[in-house]
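Enquirer: return atomic coordinates for the entry below.
(chains A and B)
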Amino acid sequence: MSEHIGLRGRVWFEALTGNNQPVSGDPGTVLASNSQIGDEIALFLCVVPNPSSRFPCVRDGQVGLEEAFTLAHHLRRVIAEDREKPRAQKRTVIAIVDVKSQAYGRREETAGIFFAAAASSDAYASARMAGHPVISLVAGQAFSGGFLTHGYQANRILSFDDSGIVIHAMHKEAAARITRRSVDELEELGHQIAPMSYDVHDYARLGLLYKLLHVDDPQNPTAADVEAIKHELIGAIQDARRGATDLSNRLQSDAAKQTRKAGIAVRAALEAQWQNA
Amino acid sequence: MNQTSTIPDFVSRKSFIEVDGRKRAQSLFDEGTWKELVGPFDRMESPWLPLQGVAPQFDDGCIVIKGKIGGMAAVAIALEGAFQGGSIGEVSGAKMAAALDLATKDSVAGKRTAAILLLETGGVRLQEANLGLAAVAEVISSVLALRPHAPVITLIAGTVGCFGGMSLAAGVSSYVVMTREARLGLNGPEVIEQESGIDEFDSSDRALIWAIHGGEQRVGMGLADALVEDDAEKIKATIREYVQADLLPEYRSQQVELYRDRITALDTSAQIDPISLRREWNNTTTGGLR
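Expert: Sure, this is the predicted structure:
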């Protein structure tokens, strides 16, 4: 596993917003900022590691109880503030994603981390369904429950395209153990079976991404890199404002029509049988 | 002499847990009103399992049944815990999301159609990894699209329980119904022990597992709404009540400030005692049946 989890998230949050400190009252693991992008103000959100968190199992950049409810808190506020505004004026939300996983802890399970994660997913999806453009920028890792809590409800997902990007349901060591393979076998299999792959180019073949973006050194972006990424984000915001507020776009790309054809077929079959039942 | 008086109730009752996902889903409906959609004879199976030497199943472990409950339109979507641990793959996930979307379409058009999710699942199917995770995100979105228009009821009867990504689908549901034999959580005990060590969670400690994840605790702390016995008639009656319930202006997963304050108030210097937590959180924040 990379020891740089969360660093890229922080770097890009700072590059895009000019801020790097948590909002007063928030835990040190969540960065939130209303900042300019193009000619509008957007809410930027990011989860970062905090080695001194009072919850031991989130200290390496995992998403836990405080993180989920803090994200939900900021999202709910934006939804409430813009409730009466027409869709064209609903504030954009930009999630910068670099999360290791959900927190694997007993405190978290006892206090219902499943529900905290649900509350955050709910807030992201509710923002999207209310007409806010919700954009995710995967700047590093996007694992499992961490990604479900922070970013996977976006209507447009963008990702950098380098080897530091991993989007997956489970990290390699655990997946290898559970599917009884070696890590090498798992990597080899990923190239044949796209949904198993740890390579973001294979992930792109699933048709879930809006765009892959290239930055030479994502950990140390230049001013020109930041401008280029802002330009891409603005394009995604405009596209999201024009599009549907559900997740149907994830089934409509050419890549999705190819790789997700079994899922698309089952949807069509169910719709056909539904009317007569 | 009345013979039956000496026979305890549990001898005559019909168990819900002892039957498979298909029979469970069927048993919730008014007699003669239900029909299974995209069933095994449609042979819509996972394209990914055979590539990895795993036998697929003609229904991909997901059963969709449409019919009437208490005279009202409803769809039940069951994950079969006996097939690949009830895991969510591309096909089973798409079935679930599509059924929810169709219920939303009918509900918006004026024909309110409730959804019941029977969740016995360990979460994402690792052989379909990223398509499973994507399906979970879509299911969550589809539950939230239906919830303002018709009740979405998660029923966790046991004994697999509801873990992984699908626990978020339970979390965003209008109502959650559990038995004492059911468990609900994001990470199962084995996963926590593997990731964080045996000091964090001893997965062989059965009492600890039930104290944290068990139905009695989840209902007791207010994260689930009704605790039911393993009795098919009682479960059917409870589900019917929720199917017929009025829609609420706000559901549990929208109560962010309440729960954020509760988390802020937790003492994290040691592990959290489940019984104390139940006492602290035990107020009626949602419209449960108890």
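
Enquirer: what sits against the residue in the stretch 101-250 of chain B that chain A sits nearest to?
Expert: Proximity to chain A, evaluated over the stretch 101-250 of chain B using Cβ to the nearest Cβ, is greatest for B:Gly171 at 2.5 Å. In this view, the C-beta of every residue, glycine as well, is placed from N, C-alpha and C. Residues near B:Gly171 by Cβ atoms under 8 Å, 6 or more residues apart in numbering or on different chains: A:Phe114, A:Phe115, A:Ala117, A:Ala118, A:Ala119, A:Ser121, A:Asp122, B:Leu223, B:Arg252, B:Ser253.

Enquirer: mind doing that once more with 6 Å?
Expert: Listed by Cβ atoms under 6 Å, 6 or more residues apart in numbering or on different chains, the contact set of B:Gly171 reads A:Phe114, A:Phe115, A:Ala118, B:Ser253.

Enquirer: equivalent analysis for A:Arg76, please.
Expert: A:Arg76 neighbours (Cβ under 6 Å, 6+ apart): A:Ala123, B:Val256.

Enquirer: my guess is it is in a helix, correct?
Expert: Yes: counting by DSSP: H, G, I helix; E, B strand; the rest coil, A:Arg76 is found in a helix.

Enquirer: okay, now A:Asn20: neighbour count?
Expert: Other residues near A:Asn20 come to 14 when the count uses other Cβ atoms under 10 Å in any protein chain shown.

Enquirer: err, B:Glu190, not the other one
Expert: B:Glu190 is flanked by 15 other residues according to other Cβ under 10 Å.

Enquirer: in which helix or strand would I find it?
Expert: Applying DSSP states H and E as the criterion places B:Glu190 in helix B:189-196.

Enquirer: alpha carbons of that helix, in PDB - could you do that?
Expert: C-alpha atoms of helix B:189-196 as PDB (Å, rounded to 0.1, in the frame of the first residue of the first chain):
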ATOM      1  CA  PRO B 189     -16.000  -9.200  12.700                       C
ATOM      2  CA  GLU B 190     -13.500 -11.200  10.600                       C
ATOM      3  CA  VAL B 191     -12.700  -8.200   8.400                       C
ATOM      4  CA  ILE B 192     -12.000  -6.000  11.400                       C
ATOM      5  CA  GLU B 193      -9.900  -8.600  13.100                       C
ATOM      6  CA  GLN B 194      -7.900  -9.000   9.800                       C
ATOM      7  CA  GLU B 195      -7.500  -5.300   9.200                       C
ATOM      8  CA  SER B 196      -7.000  -3.900  12.700                       C
END
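
Enquirer: quick one: check it for contact with chain A.
Expert: Yes: Helix B:189-196 reaches chain A (Cβ under 6 Å from any Cβ of the partner chain) through B:Ile192, B:Glu195, B:Ser196.

Enquirer: now do residue 109, the pLDDT please.
Expert: In the absence of a named chain, this looks at chain A. On the pLDDT scale, A:Glu109 is placed at 97.

Enquirer: wait, I meant chain B there
Expert: For B:Ala109, the predicted pLDDT is 98.

Enquirer: what pLDDT does the nearest residue to A:Leu7 once chain neighbours are set aside get?
Expert: In this structure, A:Leu7 finds its nearest non-sequential neighbour in A:Gln219, 6.5 Å apart by Cβ to Cβ, 6 or more residues apart in numbering or on different chains. Note for A:Gln219: predicted pLDDT of 95.

Enquirer: isn't there a strand covering A:Gln219?
Expert: No: secondary structure of A:Gln219 (three-state DSSP): coil, not part of a strand.

Enquirer: can you count the residues close to it?
Expert: The number of residues near A:Gln219, taken as other Cβ under 10 Å, comes to 14.

Enquirer: cool, B:Gln194 as well?
Expert: 18.

Enquirer: same check on the one 3 residues further on?
Expert: The criterion is other Cβ under 10 Å. On that basis, B:Gly197 has 11 neighbouring residues.

Enquirer: and what of B:Gly32?
Expert: The number of residues packed near B:Gly32 is 7, by other Cβ under 10 Å.

Enquirer: point out where the chain drops to low pLDDT.
Expert: Picked chain A for this. A:1-5 (pLDDT under 70).

Enquirer: try again with chain B
Expert: If you take pLDDT under 70 as the line, chain B has these spans: B:1-5, B:283-290.

Enquirer: can you give me the strands in it?
Expert: B:35-37, B:62-69, B:72-79, B:114-118, B:152-156, B:175-179, B:226-228 (DSSP state E).

Enquirer: any idea which of those gets closest to B:Asp261?
Expert: Nearest of the strands of chain B to B:Asp261, taken as Cβ to Cβ: strand B:175-179 at 21.7 Å.

Enquirer: establish whether the closest one and chain A are in contact.
Expert: No: Strand B:175-179 stays clear of chain A (Cβ under 6 Å from any Cβ), getting no nearer than 9.6 Å.

Enquirer: brilliant, that's me finished.
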